[in-house]
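**Student:** attaching a predicted model along with its sequence, questions to come.
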Amino acid sequence: MKRKRVVSLVPSLTEAVAVSAPGLLVGVTDWCTHPADLGDAVRIGGTKNPDVRAIAALRPDLVIANEEENRAPDLAALRAAGAEVLVTEVRELPQALRELDRVLVGALGLARPGWLTDAERAWARAEPAGERRAIVPVWRRPWMVLGRDTFAGDLLARLGVRNVYAGHAERYPRVPVAELAAAGCDLVVLPDEPYRFTAEDGPEAFPDLPAALVSGRHLTWYGPSLAEAPAVLAAALRAAG
C-alpha cells in the first residue's frame, strides 16, 4: 500500500522523499532545507522539539524519524497520539543505503529511485587518496568532535581520512581545543553544519594544521546528496593540501 501523507522529522529523509515522490510530504521540520521547494508541507518545529499536536492534526499515514536526530519521548508521544512512526538508524554508509531502501521502497511503496543506485555506484568507485590522521570538529563553544560509530566518520574513512577520535567511548565527545591541537594530526576537517565553520571561524584555532572546509550536507546527510558526495568531499580534502 502506498503511503499518501508523510511527515518527516529528518532533513536527509525529507530530501530523499521529496526528490523521489514529490507531493507525499505534508509536514517537515524547520531544518528541512532541501529541496528548496517543499510545496505545501507544514513546518512542524525542530528535530528535537516537534509539535506533536500539529503533526497529529495532519493525519499522517507515516512519520519518518531517526534514532539520533529525534528524541525518544517525542516519538513516544506521536505514537500515543495515534501516528505510525518509522525510526531509522544510520551509523555507516551500507546501513544508510539499506535504510533508505527500507523507507522509500519498503515503507512508502515507491520504485527504487535512480539516485540511490547512483549513490551506491559512486561510493563503490571512491578511492582514498593516501591516509591522513584528522580531527573533525562538529561544534564550537564547547568544542565537540566526531567520535565512534558515526556516519560522517565512515564516509571520511572511505576517502582516506582516519579520525583519531574514532575509538573514543562517546560518539560526539567534548574535547578541549588545546587537546585537539596536540592530537598529532595531519589535518582538521571542518564541516559547515551542524556548526557553520568557515574560513574565518575555525581554522585559526588550529594554526599548525591544514584545514579542509567541507559541505556538511555531503558529509552528514543520507539522501540524494550521497551520489555526488565522494567527488565533493574528495575535492575539499585535496584543496586542503
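**Tutor:** Received it, and whenever you're ready, just let me know what you need. None of these values were measured; they are calculated from a predicted model.

**Student:** how about low-confidence regions in the chain?
**Tutor:** 1-3 (pLDDT under 70).

**Student:** what about the strands in it?
**Tutor:** Per DSSP state E, the chain carries strands over the ranges 6-8, 25-28, 42-43, 62-66, 85-88, 132-135, 137-139, 144-145, 161-163, 187-191, 211-214.

**Student:** of these, flag the one that's most buried.
**Tutor:** Ranked by mean neighbour count, those are led by strand 6-8 with a mean of 29 (mean count of other Cβ atoms under 10 Å). (Each C-beta comes from the backbone N, C-alpha and C, glycine too.)

**Student:** same for that strand, what does it pack against?
**Tutor:** Packing partners of strand 6-8 (3 or more Cβ pairs under 8 Å, 6 or more residues apart in numbering; DSSP states H and E): helix 11-20, strand 25-28, strand 62-66.

**Student:** sheet partners, orientation included, of it?
**Tutor:** Applying DSSP bridges, strand 6-8 is found paired with strand 25-28 (parallel), strand 62-66 (parallel).

**Student:** how about this structure, which residue sits the furthest from its center?
**Tutor:** Largest separation from the mean C-alpha position in the chain: residue 208, at 28.8 Å (Cα atoms, centre = their mean).

**Student:** how much space between the nearest residue to it once chain neighbours are set aside and residue 203?
**Tutor:** Residue nearest to residue 208 in three dimensions, not counting chain neighbours: residue 181, with 7.2 Å by Cβ to Cβ, 6 or more residues apart in numbering. Residue 181 sits 12 Å away from residue 203, going by Cβ to Cβ, to the nearest Å.

**Student:** I figured residue 47 was touching residue 69, is that so?
**Tutor:** Yes: contact criterion Cβ atoms under 8 Å: residue 47 and residue 69 qualify, at 4.8 Å.

**Student:** what is in contact with the two at once?
**Tutor:** 9, 10 (Cβ atoms under 8 Å, 6 or more residues apart in numbering).

**Student:** which among the strands of the chain is found nearest to residue 111?
**Tutor:** Proximity to residue 111 (Cβ to Cβ) singles out strand 6-8 among the strands of the chain, at 16.1 Å.

**Student:** ok, back up a step: reformat the strands of the chain as TSV; add distance to residue 103.
**Tutor:** Converted to TSV, the strands of the chain look like this (distance: least, Cβ to Cβ, whole Å):
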stretch	distance to residue 103
strand 6-8	9
strand 25-28	12
strand 42-43	20
strand 62-66	6
strand 85-88	7
strand 132-135	31
strand 137-139	24
strand 144-145	28
strand 161-163	27
strand 187-191	24
strand 211-214	26
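
**Student:** out of those, which comes closest to residue 125?
**Tutor:** Once those are compared by Cβ to Cβ, strand 161-163 is nearest, at 17.4 Å.

**Student:** partner strands of the closest one and their direction?
**Tutor:** strand 132-135 (parallel).

**Student:** from the chain's centre, how far out does the strand it pairs with sit?
**Tutor:** Its chain's C-alpha centre and that of strand 132-135 lie 20 Å apart, by Cα atoms, centre = their mean, to the nearest Å.

**Student:** could you export it as CSV, CA atoms only?
**Tutor:** Extracted in CSV, the C-alpha atoms of strand 132-135 (Å, rounded to 0.1, in the frame of the first residue of the first chain):
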residue,chain,number,x,y,z
ARG,A,132,45.7,11.2,6.8
ARG,A,133,45.0,11.4,10.5
ALA,A,134,42.4,14.1,11.3
ILE,A,135,40.2,15.6,13.9
